[in-house]
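Trainee: Sequence and predicted structure are below.
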Amino acid sequence: MTIRVIHGPNLNLLGKRETHVYGSLTLAEIDTQIAERARELGVSVEISQFNSEGEIVEAIQQTADSADAIVINPGAYTHYSIAIRDAIAGVKIPTVEVHLSNIYGREEFRQESVIAPVCVGQISGFGAHSYLLGLEAAKRIVSGR
């Protein structure tokens, strides 16, 4: 089983950017945690980060041929990217939306996700652990348990 993890825009700045909101871990440290958890779960993981909406759409489309599930943190695109939403709906691969911060406890414009309705679920507010929970959820969904 392969799970594709897609990090959205500005997540490459983790550890430097608004640490009071996103924590002090860098993206590389989070990726290490994801890879370790994937090994524990017995799944393969492909991890990438994109700042461009188009690159995220292309990655989702390519995943149709290479992965069984997607874990995605769309970053700011969460709130308005119909293109990412349509790509997820189009590939018909179980997708889990994750966020480091609790988007529902933040600014009003961050409290709506246009991505969530085409995902099997959403996990937010647990810092880097949101990704690990997302991996576990994706594995359970694909394996049927």
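Mentor: That came in fine, so what should we check first? Every value quoted in this text rests on a predicted model; they were computed, and no experiment measured them.
Trainee: From now on I want contacts and neighbour counts done on CA atoms only, so please keep to that.
Mentor: Noted.
Trainee: can you tell me how far the most centrally placed residue in the chain sits from Thr2?
Mentor: With distances taken as C-alpha atoms, centre = their mean, Ile72 lies nearest the centre of the chain, 1.9 Å away. Ile72 sits at a distance of 14 Å from Thr2 (criterion: C-alpha to C-alpha, to the nearest Å).
Trainee: circling back to that earlier point, mind checking what secondary structure the residue nearest to the centre of the chain has?
Mentor: Secondary structure, DSSP: H, G, I helix; E, B strand; the rest coil: Ile72 is strand.
Trainee: That one contacts Pro94, doesn't it?
Mentor: No - applying C-alpha atoms under 8 Å as the test, Ile72 and Pro94 come out as separate, 10.8 Å apart.
Trainee: Could I get the phi/psi values of Ala89?
Mentor: The phi and psi values for Ala89, taken as degrees, to the nearest 10, are phi -60, psi -40.
Trainee: Can you give me the neighbour number for it?
Mentor: Ala89 has 17 neighbours, counted by other C-alpha atoms under 10 Å.
Trainee: dump the residue contacts of it.
Mentor: The contact partners of Ala89, by C-alpha atoms under 8 Å, 6 or more residues apart in numbering, come to Val118.
Trainee: Just the pLDDT at it, thanks.
Mentor: The per-residue pLDDT reported for Ala89 equals 98.
Trainee: again with Thr63
Mentor: 94.
Trainee: I figured it hits Thr2, correct?
Mentor: No - contact criterion C-alpha under 8 Å: Thr63 and Thr2 do not qualify, at 9.7 Å.
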